[in-house]
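Student: Need the 3D shape of this:
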Amino acid sequence: MRILVRSKLHKATVTEANPDYIGSITIDADLVEKCGFWPGEKVLVVSNNTGERLETYVIVGEPGSGQIRMNGGAAHRITVGEEIIVMAFEVSDTPVETTFVLVDKDNRFDRYL
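Tutor: Down below sits the predicted model:
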């Protein structure tokens with residue numbers, strides 16, 4: 001068995017950070033769907049600005065909002081304006097189909113990578 005990247009949201013910009021929220025990352029519903037993320041799914045979030053890496057889970061945000069919000073403790077580690085990558089993984093003994101999504105500066109779908 002291997003752990004393989006299944007979905008990736010690439011070059012998203014954090015639009016909000018709310019340390020008072022219980023925890024997680026809120027992602028625009030349109031991007032959640034395009035990436036194939038599931039609500040509550042564990043994801044790895046990586047800051048392209050600082051190299052910070054953290055694990056959290058997905059909360060679905062308002063569709064079409066471009067929202068990428070770091071919540072709870074994660075909001076102290078990755079902040080507004082940072083460019084991030086969000087990845088979900090799958091454990092498998094065979095290759096998995098991948099979905100890699102690139103967004104523009106407003107967190108709108110640009111293209112599949």
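
Student: Skipping adjacent residues, who's closest to the residue most central in space within the chain in space?
Tutor: Nearest to the geometric centre of the chain sits Val86, at 3.2 Å (C-alpha atoms, centre = their mean). In this structure, Val86 finds its nearest non-sequential neighbour in Leu9, 4.2 Å apart by C-beta to C-beta, 6 or more residues apart in numbering. No exception for glycine: its C-beta is placed from N, CA and C like everyone else's.

Student: residues near that neighbour, how many?
Tutor: 29 (other C-beta atoms under 10 Å).

Student: Distance check, it against Arg77.
Tutor: From Leu9 across to Arg77, the span is 18 Å (C-beta to C-beta, to the nearest Å).

Student: you'd agree the residue nearest to Val86 is up against Ile25?
Tutor: No. Counting by C-beta atoms under 8 Å, Leu9 stays clear of Ile25, with 9.8 Å between them.
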